[in-house]
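*Asks:* Fold the stuff below for me.
(one chain, ligands or ions: 1)
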Amino acid sequence: MAKFTKATSIGDWLNQRLALDKVEKVMASEYWIPKNINFLWAMGMVLAITFGLLLVSGIFLLMYYQPNVDLAFDSVNYTIMQEVGFGWLWRHVHAVAASVIFLIIYIHMLTGIYYGSYKQGREMIWISGMLLFVTFSAEAFSGYMLPWGQMSYWAGMVITNLFSAGSLELNGVVEWIRGDYVPGQAFLNRFFMLHVLLLPLAIIGLIGIHFAALRIPHVNNQEGEEIDFEVESKKYLDGDAKNSKVIRFGNDFMAKDMFVVAIFLTFFFYLVFWQYGFAMDPVNFDTADGLVTPAHIYPEWYFLWSYEILRPFGKDVGLIAFAVAQVIFFTLPFLDRSPNVAPANRRGYFAIWFWLMVVDLIVLTAMGKLPPEGIFSIIGEVSAYVFFALWIALPIITTYEKKL
Ligand code: HEM
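*Replies:* Numbers count the residues shown, from 1 in each chain. Below you'll find the model as predicted:
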């Protein structure tokens, strides 16, 4: 057993039992971060803070929300919005954070792709990140069901209907998922459970794995340079911090991170107080009605690109196309065959691949919002094919990429 001495303070008492000084070193003062990174590397911290805002605001909403098909709509739109002190604030924080977190996730993912941060020892960071993306998507979808408005009901209907494709229909999978023939009480109950318990737990666990996966390979840097962290950190600790390529995570880098977080929060609360409307669909201010189908059913903006990929195809192929689009980014570390860890602009054809992908995702998003008619439906279809063509091209162009 370890030797305990008489504690000189509460901190010392805890330290002898929990080795807090060692934890502090591993997590902060001897966790080394490259100097050569820009504000895009603060997006991970912005995501963690935004997730915190979602948790706290969600807990307040949970105190008044009623998961019952007859009461849910009024508990949100009347009780929380009008009766409960500051209920409107928690609802706006929750809705705006849910929308903005996807914008930041997309920026964070594209940063990783641009700088090749998913390669050579960083595969697990990427895979755990993608698991977070998929789980967040399920979290957002299940949350959208809860106000039990027209869009909740009909988006729930359309998405669960996907599972009636082909042979699945015979096995009654849709009814199994819904717990009924149409979305009803059983449906609301299970999505409520997923939204407030199972998925948040999974997200917290996955964030832990994502952070742990970062610890060994360290974060990448703007040039993709392979840094010898042992040599550079020794330089830093020996007093030559100026010539070292690294800084400490705590508190050197945290100070920079927090500066970006502060700018983000200013923008965030501007949206919460003045522009919250963008995060709530007007159709969802009508209570769910199984007998009145809205003229145009579309998901929230962050699902539009994958929704548009599903639309040009029939039901069977559509389901497969949609499922493939949601998970294909998992394969990136394995389909990118080039050994180069470098920004895309130094990687020949990969730069073209990257920017085509960005433009294609934006076009798919725009077309997903428009009714699938005339020219919009043609542009949407072409963009869906371009999306898959880009993934087929990736291993080919990266195999022949020149070694830097
Ligand atoms: C709530 C979700 C997430 C949180 C809280 C989070 C948090 C973080 C943090 C704190 C970092 C280190 C600092 C930085 O580079 O920003 C990081 C790095 C990284 N994350 Fe995430 N992340 C999330 C989602 C994702 C997703 C969806 C992906 C991609 C599929 C992803 C991929 C990566 C990669 C590749 C890195 C390494 C960057 C590098 O080495 O330069 N993360 N993440």
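*Asks:* Just say helix, strand or coil for the closest residue to the ligand within the stretch 51-200 of the chain.
*Replies:* Checking the stretch 51-200 of the chain residue by residue against the ligand with CB to the nearest ligand atom singles out residue 129 as nearest, at 2.3 Å. Just so you know, the C-beta spots here come from the backbone N, C-alpha and C atoms, and that holds for glycine as well. Taking DSSP: H, G, I helix; E, B strand; the rest coil as the rule, one finds residue 129 in the helix state.
*Asks:* So which residues on the stretch 301-404 of the chain come close to the ligand?
*Replies:* Contact residues of the stretch 301-404 of the chain with respect to the ligand, defined by CB under 6 Å from any ligand atom, are absent.
*Asks:* Okay, helices next: where are they in the stretch 301-404 of the chain?
*Replies:* 304-310, 315-327, 332-335, 349-369, 374-399 (DSSP state H, counting those that start in this stretch).
*Asks:* Summarise which helices and strands the third one is packed against.
*Replies:* When you say that, I think you mean helix 332-335. Contacts defined by 3 or more CB pairs under 8 Å, 6 or more residues apart in numbering; DSSP states H and E place helix 332-335 against helix 123-145, helix 374-399.
*Asks:* Quick one: residues in contact with the worst-scoring helix or strand of the chain on mean pLDDT.
*Replies:* Among the helices and strands of the chain, helix 315-327 carries the lowest confidence by mean pLDDT, DSSP states H and E, at a mean of 85. Applying CB atoms under 8 Å, 6 or more residues apart in numbering, the contact partners of helix 315-327 are 130, 134, 137, 162-166, 305-307, 309-313, 384, 387-388.
*Asks:* and those, which are buried?
*Replies:* Among the contacts of helix 315-327, those classed as buried by 16 or more other CB atoms under 10 Å are 130, 137, 162-165, 305-307, 309-312, 384, 387.
*Asks:* now for these, which pair is the farthest apart?
*Replies:* Greatest spatial distance among these (CB to CB): 130 and 164, at 27.1 Å.
*Asks:* Domain map for the protein?
*Replies:* Structural domains assigned to the chain are 31-287, 298-404, following automatic domain parsing.
*Asks:* mind putting these in JSON lines, distance to residue 9 included?
*Replies:* Converted to JSON lines, the domains of the chain look like this (distance: least, CB to CB, whole Å):
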{"stretch": "domain 31-287", "distance to residue 9": "21"}
{"stretch": "domain 298-404", "distance to residue 9": "46"}
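*Asks:* and of the ones you listed, who's closest to residue 15?
*Replies:* Of all the domains of the chain, domain 31-287 comes closest under CB to CB, at 16.8 Å.
*Asks:* coming back round to it: looking at the helices of the stretch 301-404 of the chain, which has the lowest confidence?
*Replies:* The stretch with the lowest mean pLDDT among these is helix 315-327, at a mean of 85.
*Asks:* how far does it sit from the chain's center?
*Replies:* Relative to the chain's own centre, helix 315-327 is displaced by 19 Å; criterion: CA atoms, centre = their mean, to the nearest Å.
*Asks:* which SS state does residue 247 fall under?
*Replies:* For residue 247, the reduced secondary structure class is strand; criterion used: three-state DSSP.
*Asks:* quick one: it and residue 84, what's the gap?
*Replies:* Distance check for residue 247 against residue 84: by CB to CB, to the nearest Å, it reads 45 Å.
*Asks:* Same question for residue 91.
*Replies:* Following CB to CB, the distance that separates residue 91 from residue 84 is 9 Å.
*Asks:* between those two, which one's more packed in?
*Replies:* More neighbours surround residue 91 than the other of residue 91 and residue 84, with 25 against 18 (other CB atoms under 10 Å).
*Asks:* so that one makes contact with residue 76?
*Replies:* Yes. The criterion here is CB atoms under 8 Å, and residue 91 meets it with residue 76 at 7.2 Å.
*Asks:* okay, and the common contacts of these two?
*Replies:* With CB under 8 Å, 6+ apart applied, the overlap between the contact sets of residue 91 and residue 76 consists of residue 61.
*Asks:* Tell me the residues of the stretch 1-150 of the chain that contact the ligand?
*Replies:* When proximity is defined as CB under 6 Å from any ligand atom, the stretch 1-150 of the chain approaches the ligand at 41, 43-45, 47-48, 51, 105, 108-109, 112, 117-118, 122, 125-126, 129-130, 132-133.
*Asks:* residue contacts, residue 204?
*Replies:* Residue 204 makes contact with no residue, according to CB under 8 Å, 6+ apart.
*Asks:* Could you pick out the residues of the stretch 151-300 of the chain near the ligand for me?
*Replies:* Counting by CB under 6 Å from any ligand atom, the residues of the stretch 151-300 of the chain that sit close to the ligand are 207, 210, 214, 219-220.
*Asks:* Out of those residues, who's the most crowded?
*Replies:* Neighbours were tallied for each of those (criterion: other CB under 10 Å), and the maximum of 27 neighbours falls on residue 220.
*Asks:* need the contact list for that residue.
*Replies:* Residue 220 neighbours (CB under 8 Å, 6+ apart): 34, 115-117, 122, 341.
*Asks:* State the phi and psi torsions of it.
*Replies:* The phi/psi pair for residue 220 (degrees, to the nearest 10) reads phi -70, psi -180.
*Asks:* got it, and residue 343?
*Replies:* Given degrees, to the nearest 10, the pair of backbone angles that residue 343 has is phi -60, psi 150.
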